[in-house]
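Colleague: Starting from these lines, generate the structure:
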Amino acid sequence: MDHPVSIESKGRVKRKYDAIVIGSGISGGWAAKELCEKGLKTLVLERGGKLDHVTDYHTALKDPWDLPHRNTPTYADKQANPIQSKCYAWTEATQHLFVKDEEHPYTQVKPFDWIRGYQVGGKSIMWARQCYRWSGLDFNANAKDGFGIPWPITYDEIAPWYSYVEKFAGISGNKDGLPHLPDGEFLPPMEMNCVERDLKLKLESRFPGRPMIMGRAANHTRAVEGRGPCVYRNLCHRGCPFGGYFSSNSATLPAAMATKKMTLRPQSIVHSIIYDQKKQRAKGVRVIDAVTKEMQEYYAKIIFVNASTLNSALILLNSTSHRFPNGLGNDGDVLGRYLMAHNYRVRLNGLIDGYEDVYYSGRRPNSPYIPRFRNIGDDQRNDFVRGYAYGFSASRQGWQRGMNTTDFGAEFKDTLSKPGPWSVVMYAMGEMLPDANNRVTLDHVNTDQWGMPTLQIDCIWKTNEDAMSADALETGKEILEAMGVKDIQGQDNHQAPGLDIHEMGCARMGSDPKTSVVNKFNQVHGCPNVFVTDGACMTSTACQNPSVTYMAFTARACSYAVNELKKQNL
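Modeller: All right, here's what the predicted structure looks like:
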């Protein structure tokens, strides 16, 4: 695509656009789609390399025996990547989609597992695809209990945008009629298997206030905009050549490209945002070419920051000027603070008898869900605020049950060729309270290979998260016992924050520039043509998976930004 090009006095190539989007993951892809479809010539900057839908999913159709180590990472791979290898989706077939730890250093002031995927589409290739709306309960939580600042937006304001993005993204699920987990625009739901259906009835009979629903997922149960449907391979993390789930690569970026308004530039590491003191606006971004390490500048009327929570914080902190000496929008020393995550420390499992004559078809890439019930209505606790949800599934054990045993011989092999017993797995996902001491700062001494400052991450669980975990473990055992599950094992593994891959905060939304970084329309206070719509803008975490909320915020902010441009307010 042609754009005006001129040569600056410093010899850098100057390119002008209507809009610049930093990042091509879930929120960046949505920003690209919305801005391009509204007529703006948009530059999308991605620090990682090219990854084309279908043609670059080179492990997507491989069976285990087609891979050198049967999809098991080697000891050397794990040793070289002690952080990324902790991720559930990191395998021999997917590790190329994750960063190499040694190439992307950061400092763990307190243990924090930063899971990253640097390529076009970001982590939208490897995400878990669970999509749950927030409710008024979640948007009002800070104001109600006093932890954090009040959200400047209500559920009623964001609800139409949830509907808007759900229709395009393609979310399968049931309309379950739960006020604290609002229904959305759903494709037909995936089905529970027979054991899950029976256990659901047992749970709801014993605990009427604890329903089990089918998970709401961005896996398509019928074709959406020519994508899908899902074929139940459960190999989503490799990239889906069928477009059976939502990703930037299969959905939003192709939509943006179809407008002929998008320029996508991979291998582009954003150094900082350029602030124009005279106009009191941002005028562009400084970009380091990841290959040549040459610095270039790109200019636009509006800028969307969607580099993912921690990288967005890094870019904003590194964007200093006379007006913002401590980072763009950082008038109240809030930028980089209030880092939050989701608490996945509690897991339980057990066995269930009586279903030895039944099985299921396919490998469903989704599972049932037990929505939050704590601190709702009459179910109140006095040792912690907010709440948690459970993921849940029942399945038959496979040949892997024979690993780490001393058994051998023909009879042993024959046994493993048959389905094993039914097992039940349950894990909790709890909310984390905002805390000013959970933060990131820049390290200008230990820079990366491109000369960029690295992040120092200082984030720990506090007493509320510990009490919530204890309750989730005890209550999970209670639920499994009521279902008739035997040999129940449960633990709080006390894993560090970050492995949930739901980091939020650092540039939170609020009404006051002294206590927040962006306003209710995701505009940076004091620099209204810069918008932050990824996880960095979050003011609390709720306990639901957050990605569909990022999508809704992004679409809403894009609509607002374009309208403001038309009014010449930006």
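Colleague: where's the closest residue to residue 290 other than its chain neighbours relative to residue 512, distance?
Modeller: Leaving aside its sequence neighbours, residue 290 sits nearest to residue 267 (Cβ to Cβ, 6 or more residues apart in numbering; 4.0 Å). Where C-beta positions appear, they are placed from N, C-alpha and C, glycine not excepted. From residue 267 across to residue 512, the span is 39 Å (Cβ to Cβ, to the nearest Å).
Colleague: Of the two, which one has the most company?
Modeller: More crowded of residue 267 and residue 512, by other Cβ atoms under 10 Å: residue 267, with 18 against 14.
Colleague: now the strands for the stretch 151-300 of the chain?
Modeller: Remark: strands assigned in the stretch 151-300 of the chain by DSSP state E, counting those that start in this stretch are 171-172, 186-187, 213-214, 262-265, 268-276, 281-289, 295-305.
Colleague: Residue 473: which of those is closest?
Modeller: Distance to residue 473, taken as Cβ to Cβ, is lowest for strand 213-214 among these, at 22.0 Å.
Colleague: list the contacts for the residue nearest to residue 290?
Modeller: Residues in contact with residue 267 (Cβ atoms under 8 Å, 6 or more residues apart in numbering) are 46-49, 289-291.
Colleague: Please apply the same query to residue 106.
Modeller: With Cβ under 8 Å, 6+ apart, residue 106 has these contacts: 114, 454-457.
Colleague: What is the three-state secondary structure of residue 490?
Modeller: strand (DSSP: H, G, I helix; E, B strand; the rest coil).
Colleague: ok, it touching residue 477?
Modeller: Yes: assessed by Cβ atoms under 8 Å, residue 490 is found in contact with residue 477 at 5.5 Å.
Colleague: Can you pull the residues that touch both of those two?
Modeller: Residues touching both residue 490 and residue 477 (Cβ under 8 Å, 6+ apart): residue 348.
Colleague: so what's residue 295 bridging to?
Modeller: Beta-bridge partners recorded for residue 295 (DSSP bridges): residue 288.
Colleague: my bad, residue 269
Modeller: Using DSSP bridges, the beta-bridge partners of residue 269 come out as residue 288.
Colleague: Can you report how many residues lie near it?
Modeller: Neighbour count of residue 269, defined by other Cβ under 10 Å: 23.
Colleague: Can you tell me which of the strands of the stretch 151-300 of the chain is packed in deepest?
Modeller: strand 171-172 (a mean of 27; mean count of other Cβ atoms under 10 Å).
Colleague: Residues contacting it, please?
Modeller: 131, 184-190, 216-221, 366, 548.
Colleague: hmm, try it at 6 Å
Modeller: When contacts are defined by Cβ atoms under 6 Å, 6 or more residues apart in numbering, strand 171-172 is touched by residues 131, 186-187, 189-190, 216-219, 221.
Colleague: Next: stretch 487-506.
Modeller: By Cβ under 6 Å, 6+ apart, the residues outside stretch 487-506 that reach it are 86, 111-115, 309-310, 313, 336, 338-342, 344-346, 348-351, 459, 469, 473, 476-477, 480, 535-536, 538, 541, 546.
Colleague: List buried residues within the residues you listed.
Modeller: The neighbour count (16 or more other Cβ atoms under 10 Å) marks 112-115, 309-310, 313, 336, 338-342, 344-346, 348-350, 459, 469, 473, 476-477, 480, 535-536, 538, 541, 546 as buried among the contacts of stretch 487-506.
Colleague: which ones among those residues are found in strands?
Modeller: Per DSSP state E, strands hold the following members of the buried ones among the contacts of stretch 487-506: 346, 348-350.
Colleague: out of those residues, which one sits closest to residue 68?
Modeller: The closest of these, once distances to residue 68 are taken by Cβ to Cβ, is residue 349, at 30.7 Å.
Colleague: Could you find the closest non-adjacent residue to that closest one?
Modeller: Spatial nearest neighbour of residue 349, chain neighbours left out: residue 425 (4.9 Å); criterion: Cβ to Cβ, 6+ apart.
Colleague: now do residue 250
Modeller: Leaving aside its sequence neighbours, residue 250 sits nearest to residue 243 (Cβ to Cβ, 6+ apart; 4.2 Å).
Colleague: Give the full set of residues in contact with the one you found.
Modeller: Counting by Cβ under 6 Å, 6+ apart, residue 243 has contacts 227-228, 250.
Colleague: can you pull the buried residues of the helix or strand hosting residue 561?
Modeller: Assessed by DSSP states H and E, residue 561 sits inside helix 547-566. Neighbour-count burial for helix 547-566, with 16+ other Cβ under 10 Å as criterion, is recorded at 547-559, 561-562, 564-565.
Colleague: again, but for stretch 375-382
Modeller: residue 375.
Colleague: What about residue 120, how many residues nearby?
Modeller: The burial count for residue 120: 26, using other Cβ under 10 Å.
Colleague: just residue 179 next, same as before
Modeller: By the other Cβ under 10 Å criterion, the neighbourhood of residue 179 contains 11 residues.
Colleague: Then residue 455?
Modeller: Residue 455: 25 neighbours (other Cβ under 10 Å).
Colleague: Locate it within the secondary structure: which element?
Modeller: Assigned by DSSP H and E, residue 455 belongs to strand 453-458.
Colleague: pretty sure residue 206 is touching residue 483, no?
Modeller: No: using Cβ atoms under 6 Å as the test, residue 206 is too far from residue 483 to be in contact (8.1 Å).
Colleague: neighbour-wise, which of those two wins?
Modeller: Per other Cβ under 10 Å, whichever of residue 206 and residue 483 has more neighbours is residue 483, with 23 against 13.
Colleague: the helices in the stretch 351-500 of the chain, which residues?
Modeller: With DSSP state H, counting those that start in this stretch, the ranges of helices along the stretch 351-500 of the chain come out as 410-416, 463-483.
Colleague: And these: which comes nearest residue 282?
Modeller: Short answer: helix 463-483, nearest of the helices of the stretch 351-500 of the chain by Cβ to Cβ, at 36.2 Å.
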